[in-house]
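Trainee: for reference, the sequence and a predicted model appear below.
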Amino acid sequence: MSLKSQKEPLVERVFAFIRQHSLVSAPETLVVGVSGGPDSVCLLHLLVRLKGRLGVRLHVAHLNHMLRGVEAEADAEYVSELAHRLGVAATLEQREVKSYQARHRLSLEEAARQVRYQFFAAVAEKVGANRVAVGHTADDQAETILMHLVRGAGAYGLQGMQPLTQWESLGDRRLMVIRPLLKVSRREVEAYCEQHALAPREDSSNLSASYLRNRLRYELMPLLRGYNPKVNEALLRTADTLAGELAFFEQQVSQIWGKVVSEEEGALVLKAKEVNSLHPALQRYLLREILRRALGSLEDIEWKHIEKMRAALTLPRGKRVILPRRLTLYVEKGRYKLAKN
């Protein structure tokens, strides 16, 4: 981030970021996810100041995950009062995350995330919106990149969160997620809240060592700063570099698609000679796009599945590879066929 941009008022930087990435399209209604914490409270306050210039209407969405009892109820009350004070309509609900977690056999973190975005999608549908703004910051971005690195991720994981993405795990519904604070530091958010006397809530679960993100935030990141005081900036530069390179590969895949891939009775067919002649890096991006088109999303798809498909390119005719969500790659004479079974 340049010295000049640091000196510009935060509201102007966020406005410029929204315009740069076309995060909103006037006139439209924008749902704003507000937990009551500093990031989302700062986001809401900034968007209220900018709504006239952006040409948008705002609607607050707050979900009680029913995990923190009285503390969560106080969060909901705070958000309700804040929305009323700022003149923004709000939808506040509570949903049982624990039972959802048990039914779907997920981590508590992932279950809460899925339930939260399902709620956002329902609110968006109710108010006639198709976008939700969330308060992820530059610090969240650095932690996300590091978390993906620790867990093992390809280039897509290491580019972190994007300013505009589509949440795909909603069946037929589609929800666009925007992140206007992605270039804003947590320290700037806290300073803004203090400057405007917003008094956001603090979530005690953010201090729990039970969650990987918290351990990275309070244990690993401080350790890494001992080696590089600007490790956040280094991680963010890596993400920006990868995002540019991924855009190039996506362009290359688009150019070769018609020469390599065809459709046949609901299946996708790849020409063996053409696929095998590609550089391994381009093979990976092609196979990833084939999976995305076959499944409609990349949910449950991991790096190992792409590599299993690449390994299949050397298998003899008659072999097959079983993939997630009832998908199978068949090795046939002169071609590979990807179909649901």
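Mentor: Perfect, thanks for sending it. Numbers count the residues shown, from 1 in each chain.
Trainee: domain assignment for this protein?
Mentor: If you go by automatic domain parsing, the domain ranges for the chain are 3-234, 265-340.
Trainee: and of those domains, who's closest to residue 251?
Mentor: Ranking the domains of the chain by distance to residue 251, with CB to CB as the measure, places domain 265-340 first at 10.0 Å. Using the backbone N, CA and C atoms, a C-beta is placed for each residue, glycine as well.
Trainee: just the mean pLDDT for the helix or strand where residue 115 lies, thanks.
Mentor: Using DSSP states H and E, residue 115 maps to helix 108-127. Averaging pLDDT along helix 108-127 yields 92.
Trainee: which other helices and strands does it contact?
Mentor: strand 28-33, strand 56-64, strand 89-94, helix 97-104, strand 131-133, strand 164-167, strand 175-178 (3 or more CB pairs under 8 Å, 6 or more residues apart in numbering; DSSP states H and E).
Trainee: a markdown table for these, including distance to residue 73, mean pLDDT and mean neighbour count?
Mentor: What follows is those, written out as a markdown table (distance: least, CB to CB, whole Å; pLDDT from 0 to 100; neighbours: other CB atoms under 10 Å):
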| stretch | distance to residue 73 | mean pLDDT | mean neighbour count |
| --- | --- | --- | --- |
| strand 28-33 | 18 | 96 | 22 |
| strand 56-64 | 7 | 97 | 23 |
| strand 89-94 | 9 | 96 | 16 |
| helix 97-104 | 15 | 90 | 14 |
| strand 131-133 | 23 | 97 | 24 |
| strand 164-167 | 27 | 89 | 14 |
| strand 175-178 | 26 | 94 | 21 |
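Trainee: kindly reformat those as CSV containing distance to residue 281.
Mentor: Converted to CSV, the helices and strands packed on helix 108-127 look like this (distance: least, CB to CB, whole Å):
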stretch, distance to residue 281
strand 28-33, 36
strand 56-64, 40
strand 89-94, 45
helix 97-104, 34
strand 131-133, 33
strand 164-167, 23
strand 175-178, 28
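Trainee: of the ones you listed, give the one that comes closest to residue 199.
Mentor: strand 56-64 (16.2 Å).
Trainee: residues contacting the helix or strand just after the closest one, please?
Mentor: Sequence order places helix 69-86 as the next helix or strand after strand 56-64, per DSSP H and E. Applying CB atoms under 8 Å, 6 or more residues apart in numbering, the contact partners of helix 69-86 are 34-36, 41, 44-45, 48, 60, 62, 64-66, 68, 89-90, 92, 94, 198, 200-201, 203-204.
Trainee: repeat that for 10 Å
Mentor: Residues outside helix 69-86 that contact it (CB atoms under 10 Å, 6 or more residues apart in numbering): 32, 34-37, 40-41, 44-45, 47-49, 58-66, 68, 88-94, 198-205.
Trainee: quick one: mean pLDDT for it?
Mentor: 95.
Trainee: run the chain-centre distance for that helix.
Mentor: 25 Å (CA atoms, centre = their mean, to the nearest Å).
Trainee: next one: stretch 234-254
Mentor: Using CA atoms, centre = their mean, the offset of stretch 234-254 from its chain centre is 16 Å.
Trainee: same check on stretch 187-207?
Mentor: 22 Å.
Trainee: tell me the buried residues in that stretch?
Mentor: By 16 or more other CB atoms under 10 Å, the buried positions in stretch 187-207 come out as 188, 189, 192, 193, 198, 200, 201, 203, 205.
Trainee: stretch 333-341 now?
Mentor: 335, 336, 337, 338, 339.
Trainee: hang on, isn't the fourth one packed against residue 286?
Mentor: Just to be clear, that refers to residue 338. No - using CB atoms under 10 Å, residue 338 makes no contact with residue 286, being 11.5 Å away.
Trainee: who touches both of these two?
Mentor: Joint contacts of residue 338 and residue 286 (CB under 10 Å, 6+ apart) are 261, 270, 309.
Trainee: take those residues and keep only those in strands.
Mentor: In this view, the shared contacts of residue 338 and residue 286 that belong to strands under DSSP state E are 261, 270.
Trainee: redo the shared contacts of residue 338 and residue 286 as CSV? Include neighbour count and distance to residue 128.
Mentor: Output for those, formatted as CSV (neighbours: other CB atoms under 10 Å; distance: CB to CB, whole Å):
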residue, neighbour count, distance to residue 128
261, 20, 37
270, 22, 41
309, 23, 40
